[in-house]
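Engineer: My questions are about this predicted structure, shown below with the sequence.
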Amino acid sequence: MTAHAIAVRLAGARDAQEIALMSRDLVESGLGWKYDAARVQQAIRDPETLAPVACDHGRVAGFAIMEFGEERAHLVLLAIRPTHRRMGIGRRLVEWLVESARAAGIASLHLELRTGNEAARGFYRALGFDETIVVPGYYRGRESALRMIRVLRATGPVPHTWRRPSTT
Ligand SMILES: CC(C)(COP(=O)(O)OP(=O)(O)OC[C@H]1O[C@@H](n2cnc3c(N)ncnc32)[C@H](O)[C@@H]1OP(=O)(O)O)[C@@H](O)C(=O)NCCC(=O)NCCS
């Protein structure tokens, strides 16, 4: 299998259960299961949220969930199956979200990860995110989180680049 065989598309209702199980096993393990199928379904339906999935022959190999605000977007979840790691799939999903965020006029991307998650730390650094602060007890009072940020543009109004086409 090569990374070229992977297709990225938006998640649909039929993906909720698969994504929820991946979140339970690959992201939330040891913390309790917050992103169950109902919660993931809610995120997929939310017009302020984007949930792309990377599929390998129809099966979800990786997914991400990002919530969009006015100027800030929050990467809530991201996971790639262990069998599909280090093939550029995580990068592809995040860059897909970065392009969507730029198009939406987002100024900065934010995320949290467990402070001990060295793999994700290395991954996000490689994708241009900077570490900001550690939040003790962020994960249900049990584990601390490291916050990271990627700035896309200066805050404030989006530069006005559109011009009415000339009719002459
Ligand atoms: C973190 C994670 C999403 C990375 O996904 P991935 O598809 O394997 O990452 P990519 O192949 O796109 O890696 C892109 C770059 O990130 C960096 N990177 C990726 N995994 C890394 C690791 N384990 N250690 C250090 N750097 C890493 C590398 O620079 C890599 O480029 P390279 O392979 O050319 O060296 C994946 O390991 C994962 O799902 N982990 C479990 C869930 C998790 O921790 N999610 C994030 C917190 S919510």
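Structural biologist: Yep, that arrived.

Engineer: any idea which helix or strand carries Gln41?
Structural biologist: Assigned by DSSP states H and E, Gln41 belongs to helix 37-45.

Engineer: That helix: which residues count as buried?
Structural biologist: By 16 or more other C-beta atoms under 10 Å, the buried positions in helix 37-45 come out as Ala37, Arg39, Val40, Gln41, Ala43, Ile44. No exception for glycine: its C-beta is placed from N, CA and C like everyone else's.

Engineer: I'd guessed the fourth one sits against Arg14; true?
Structural biologist: Right, Gln41. No: taking C-beta atoms under 8 Å as the definition, Gln41 is not a contact partner of Arg14, at 10.2 Å.

Engineer: which stretches of the chain have low pLDDT?
Structural biologist: When residues are selected by pLDDT under 70, those of the chain lie in 1-4, 159-165, 167-168.

Engineer: and this structure, which residues reach the ligand?
Structural biologist: Proximity of the chain to the ligand (C-beta under 6 Å from any ligand atom) is limited to residues 26-27, 77-80, 85-91, 113, 117, 119-120, 122-123, 126.

Engineer: correct me, but Ala54 touches Ala5?
Structural biologist: No: using C-beta under 8 Å, Ala54 is not in contact with Ala5; the gap is 10.3 Å.

Engineer: Please identify which of these two sits among more neighbours.
Structural biologist: Neighbours were counted for Ala54 and for Ala5 using other C-beta atoms under 10 Å; Ala54 has more, 24 against 11.

Engineer: Dig out what that one forms beta bridges with.
Structural biologist: Beta-bridge partners recorded for Ala54 (DSSP bridges): Val8, Gly62.

Engineer: Check the gap between Gly156 and the ligand for me.
Structural biologist: 29 Å (C-beta to the nearest ligand atom, to the nearest Å).

Engineer: Okay then, goodbye and thanks.
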